[in-house]
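**Student:** pasting a predicted model and its sequence here:
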Amino acid sequence: MKRRGFLVSSLAASALTGTNSPAEPSPAQRGRGAGGRAVYELRKYILRRGPQPQMVIDYFRDAAIPALNRLGVTQVGVFNTTIGAESPTLYVLTPFESLETAMTIPGRLAADPEYRKAGAAYNDVTASEPAYMRMESWLLLAFEGMPSLELPASAATNQPRIFELRTYESHSKKANHTKIEMFNKSEIPIFRRTGLHPVFFGETLVGAGQPSLTYMLTFTDMAERMTNWGIFVADPEWKKLSSTPGNTDAEIVSNITNVILTPAPCSQI
């Protein structure tokens with residue numbers, strides 16, 4: 001317990017360093033998302049063609065999502081890669097109310113007999129027939145400007161929708177925090193006004209490619225995506241913001257990764 005508490009406090013302090021918040025979290029913030037912000041786990045499954053993609057989807061549909069929901073973790077997203085460098089690849093987004101919740105969930109799942117039974121086909125695989133080739137994950141802290149996940153209206157009625165997952169890498173934490181502040185103070189409102197519908201924004205606390213941030217947008221289809229990105233790029237407020245010295249991509253963004261996703265039938269997002 002002491003080790004887990006130390007890790008939680010360390011992550012919270014790391015997330016706050018370099019922002020406008022105090023470097024040392026308050027007692028109320030220790031073990032929680034800084035400032036009441038959500039914590040996200042973004043997981044990527046690297047798969048082989050054949051039974052693996054369906055096995056992972058079945059696991060989330062029958063075992064993981066029901067068990068997480070029983071533990072109070074809802075709005076779990078499961079997405080197939082439509083356009084991306086690797087195929088087949090599956091992404092899973094799980095929102096948590098705190099770092100403490102994120103760190104204790106694996107043990108709580110392992111202690112759930114209903115979960116163990118429903119997830120046996122996934123958890124008890126052999127080395128010769130694995131459920132996936134590799135799994136990568138990132139722990140993200142929600143931005144102050146968007147402290148929690150926003151569920152698309154189309155998800156409630158299971159209407160057609162696509163998602164765009166974007167990751168911005170920077171050459172330094174200072175540059176990374178400058179870009180985060182751009183989003184918090186100005187860019188997220190511009191997104192909303194120009195039809196770029198956000199689902200979440202998060203700063204990477206744990207994972208490859210740091211320093212970085214990741215966010216997700218949703219659209220009805222690719223046609224809406226193309227139209228609304230065009231509106232955003234032409235927006236006068238965005239043009240002024242992005243051309244201000246100190247804010248340009250050349251100064252603060254070193255690489256951008258962009259993936260187009262579609263929700264699996266079991267996805268709650």
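**Tutor:** That came through fine.
**Student:** and residue 140, what are its bridge partners?
**Tutor:** On the basis of DSSP bridges, residue 140 is bridged to residue 40, residue 204.
**Student:** count the residues that sit near it.
**Tutor:** 26 (other CB atoms under 10 Å). The way it works is simple: take the backbone N, C-alpha and C, and place the C-beta from them, glycine included.
**Student:** excluding chain neighbours, what is closest to residue 269?
**Tutor:** Distance criterion CB to CB, 6 or more residues apart in numbering; nearest residue to residue 269, sequence neighbours excluded, is residue 77 at 3.4 Å.
**Student:** same check, this time on residue 143
**Tutor:** Excluding its sequence neighbours, the residue lying closest to residue 143 (CB to CB, 6+ apart) is residue 201, at 4.1 Å.
**Student:** isn't that neighbour right up against residue 192?
**Tutor:** No - using CB atoms under 8 Å as the test, residue 201 is too far from residue 192 to be in contact (12.0 Å).
**Student:** for these two, work out which one has more neighbours and name it.
**Tutor:** Legend: neighbour count by other CB under 10 Å for residue 201 and residue 192, higher for residue 201 (28 against 13).
**Student:** could you pull out the strands for the protein?
**Tutor:** 39-46, 77-83, 89-96, 134-142, 162-169, 197-206, 212-219, 255-263 (DSSP state E).
**Student:** which stretches in the stretch 1-150 of the chain count as helices?
**Tutor:** 2-16, 52-59, 65-70, 99-110, 113-118, 120-123 (DSSP state H, counting those that start in this stretch).
**Student:** quickly compare the ones you listed and say which is most buried.
**Tutor:** Highest mean neighbour count among those (mean count of other CB atoms under 10 Å): helix 52-59, with a mean of 19.
**Student:** follow-up on the earlier one: which among the strands of the chain is found nearest to residue 151?
**Tutor:** strand 197-206 (7.8 Å; CB to CB).
**Student:** how far does that closest one sit from its chain's centre?
**Tutor:** Mean C-alpha position of strand 197-206 versus that of the full chain (CA atoms, centre = their mean, to the nearest Å) differs by 5 Å.
**Student:** angle of that strand against strand 77-83?
**Tutor:** 100 degrees (axes from the mean of the first three to the mean of the last three CA atoms, to 10 degrees).
**Student:** how about the CA coordinates for strand 197-206, as CSV?
**Tutor:** Taking C-alpha atoms only, strand 197-206 is exported to CSV below (Å, rounded to 0.1, in the frame of the first residue of the first chain):
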residue,chain,number,x,y,z
HIS,A,197,-16.0,17.4,-31.7
PRO,A,198,-13.7,16.4,-28.8
VAL,A,199,-14.0,13.2,-26.8
PHE,A,200,-10.9,13.7,-24.6
PHE,A,201,-7.6,15.4,-24.2
GLY,A,202,-4.7,14.0,-22.2
GLU,A,203,-1.1,14.6,-21.2
THR,A,204,1.0,11.5,-21.2
LEU,A,205,2.1,10.5,-17.7
VAL,A,206,3.4,7.0,-18.5
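**Student:** for that strand, which helices and strands make contact with it?
**Tutor:** helix 2-16, strand 39-46, strand 134-142, helix 188-193, strand 212-219 (3 or more CB pairs under 8 Å, 6 or more residues apart in numbering; DSSP states H and E).
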